[in-house]
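Trainee: Below are the sequence and a predicted model for it; my questions follow.
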Amino acid sequence: MDKPVVHVLGLGPGPVGLITVETMEILEKAGEVLVRTSLHPCVKDLRERGVRMRFMDYHYEENRSMEEVYSSMVAEVVEEARERGEAYYAVPGFAMLAEWTVQLLLEEDVEVRLRGAVSFFDAVLGALGLDAVEGMLILDADRLLNKGYGMLDPRVATLIAQIDTRLKASEVKLLLLEVYPPSHGVYVVGAAGTAEERVEDIPLEELDHEERFDHLTTIYLHALEEAELFDFQRLLDVVARLRAPDGCPWDRKQTHESLARHMVEEAYEAVDAINHQDWDHLSEELGDLMLQVILHAQLGLEEGTFDVRDSLHSIISKLLRRHPHVFGEVELETPEEVIARWEHIKAEERGESSVLDGLTEGLPGLLYAYKLQTRAARVGFDWEEAEDVLPKLQEELREIEEVLRGGGGDLEGELGDMLFTLVNICRHYKVDPEIALRGSSRKFERRFRDMESRCGEEGRNMQDLTLEELDCLWEESKE
């Protein structure tokens with residue numbers, strides 16, 4: 001059997017004169033037209049032309065969210081089509097521009113026939129005297145608020161439609177301020193294409209200062225100048241410029257090998273900021289670390305080996321694959337289950353025969369030991385209780401003493417074993433050995449500097465003091 005037919009009729013942005021001849025003929029011949037809202041400017045003229053209309057405004061009052069409003073409207077249209085074989089449904093503007101209900105209709109088991117119309121976009125461009133040939137982002141206010149500022153692209157001009165209340169304007173403004181400066185110019189366009197058309201030019205920060213919004217309100221923001229952009233693409237552009245033939249001599253001479261140590265240094269500085277809970281400093285250090293990543297990506301692009309898109313594709317794909325409990329159907333409840341699943345997926349991806357495969361020996365010694373023990377523990381090779389490791393520490397200490405007393409043996413190996421055991425103790429008691437050692441090192445540094453200050457205040461030189469005197473100074477610094 002043929003599907004029920006829904007004729008979707010665009011009413012244009014304003015006066016009845018903007019409705020196409022074809023659509024007007026259908027409106028006048030239809031038995032009854034379901035109209036999404038009675039607030040459209042052409043409704044009065046349509047009545048005078050004898051168009052029989054049934055308005056659907058009551059859905060706005062009976063539902064709690066816009067999603068529910070549009071879903072219930074579509075349900076009414078589909079029911080009408082199924083009962084009568086066809087239905088006529090009129091929407092503002094053009095059906096395929098910022099019209100949620102039509103998108104929902106296209107998902108239904110009905111035949112949708114779209115009739116052309118002038119859109120609000122045409123009218124807004126006319127009101128602003130703009131040509132969109134260079135590109136323009138068109139957004140619906142509700143969808144923008146639902147999905148967040150990630151939908152915005154300040155590199156292109158932007159239209160945001162259906163800002164129909166001052167409250168919604170306030171919410172949109174707060175979101176826009178995440179991307180645009182408060183002084184950025186905003187054009188507020190009201191009733192575009194009608195005799196009441198108005199255009200206001202105001203700073204973004206003043207967007208919600210007055211009652212200037214209704215169902216015919218759209219705002220326009222021009223693109224940010226390059227100097228105002230501080231996004232990922234701008235960083236790529238800046239680094240590419242530094243590496244250009246007329247760029248920075250230092251940046252131009254760098255290689256993957258020469259930059260390697262800077263990557264490590266910046267990572268350690270970021271960790272140091274975390275240890276000090278200095279979040280402003282951490283933000284800065286993460287930027288420095290990001291610069292190292294982009295420098296390597298730029299080198300890869302120049303050499304034709306890879307570029308930043310390859311790196312992004314790799315990490316995004318990896319995160320999706322290794323989190324099937326988030327992006328798939330797998331159910332995992334505990335962090336331990338997540339880690340075990342992660343390692344299992346990694347092993348499958350790399351075809352690894354050992355749980356230790358893939359560990360980098362170039363890691364700092366404490367971290368390398370920690371990761372080795374953690375990997376082994378995941379397959380059950382571990383002490384049952386944390387306290388069980390303590391006797392092993394005593395055993396390693398005795399072996400060191402025996403080497404020292406005997407004057408022979410592998411002292412380096414025995415000290416390494418003791419350090420390895422200390423790392424095991426740290427792991428069992430949930431202490432990061434690197435952080436623990438750094439904490440003790442910083443404590444030593446503070447106390448030693450205090451000793452130096454005391455000597456300076458007393459006019460003494462540390463090199464001239466006896467060990468007993470230095471020990472007294474140390475105890476005073478501890479206090």
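Mentor: Cool, the structure landed.
Trainee: So for stretch 307-325, mean pLDDT?
Mentor: Averaging the model's pLDDT scores along stretch 307-325 yields 93.
Trainee: gap between it and the chain center?
Mentor: In terms of Cα atoms, centre = their mean, to the nearest Å, the centre of stretch 307-325 is set 14 Å apart from its chain centre.
Trainee: Can you list the buried residues in it?
Mentor: Neighbour-count burial for stretch 307-325 flags 307-308, 322-323 (criterion: 16 or more other Cβ atoms under 10 Å). No exception for glycine: its C-beta is placed from N, CA and C like everyone else's.
Trainee: try stretch 465-476
Mentor: Of the residues in stretch 465-476, L473 count as buried by neighbour count, 16+ other Cβ under 10 Å.
Trainee: now do stretch 419-437
Mentor: Buried residues in stretch 419-437, counted by 16+ other Cβ under 10 Å: 419-428, 432-434.
Trainee: same thing with stretch 129-140?
Mentor: Result for stretch 129-140 [16+ other Cβ under 10 Å]: buried residues 130, 136-140.
Trainee: do the same with stretch 368-377
Mentor: 369-373, 375.
Trainee: returning to what we had before: now for the buried residues of stretch 307-325: which two are most distant?
Mentor: The most widely separated members of these, counting by Cβ to Cβ, are D307 and H323 (25.2 Å).
Trainee: how far away is the residue of the chain positioned farthest from its centre from I400?
Mentor: Within the chain, G406 marks the point farthest from the mean C-alpha position, 61.2 Å out by Cα atoms, centre = their mean. Going from G406 to I400 by Cβ to Cβ, to the nearest Å gives 11 Å.
Trainee: give me the element Y89 is part of.
Mentor: Assessed by DSSP states H and E, Y89 sits inside strand 86-91.
Trainee: Partner strands of that strand, with direction?
Mentor: Note on strand 86-91: by DSSP bridges, its sheet partners are strand 5-10 (parallel), strand 33-35 (parallel).
Trainee: As CSV, these with mean pLDDT would be great.
Mentor: Shown next, in CSV, are these (pLDDT from 0 to 100):
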stretch, mean pLDDT
strand 5-10, 96
strand 33-35, 97
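Trainee: and L144, what does it touch?
Mentor: Contacts for L144 (Cβ atoms under 8 Å, 6 or more residues apart in numbering) come out as 151-152, 160, 172, 175.
Trainee: let's go with 6 Å and repeat that
Mentor: Shown in contact with L144 (Cβ atoms under 6 Å, 6 or more residues apart in numbering): M151.
Trainee: any idea of the pLDDT on it?
Mentor: Looking at L144, its pLDDT stands at 94.
Trainee: swap in A87?
Mentor: 97.
Trainee: gap between the two ends of stretch 147-165?
Mentor: 19 Å (Cα to Cα, to the nearest Å).
Trainee: Which ones among the buried residues of stretch 419-437 lie within helices?
Mentor: Among the buried residues of stretch 419-437, the ones falling in helices (DSSP state H) are 419-428, 433-434.
Trainee: Name the member of the residues you listed with the shortest distance to E343.
Mentor: The closest of those to E343 turns out to be R427 (Cβ to Cβ; 16.0 Å).
Trainee: contacting residues for that closest one?
Mentor: The contact partners of R427, by Cβ under 6 Å, 6+ apart, come to Q373.
Trainee: what does the lowest-mean-pLDDT helix or strand in the chain contact?
Mentor: One helix or strand of the chain scores below all others by mean pLDDT, DSSP states H and E: helix 335-350, with a mean of 76. Identification of contacts with helix 335-350 by Cβ under 6 Å, 6+ apart yields 322, 332.
Trainee: Distance across stretch 360-368, terminal residue to terminal residue?
Mentor: Its start and end residues considered, stretch 360-368 measures 8 Å (Cα to Cα).
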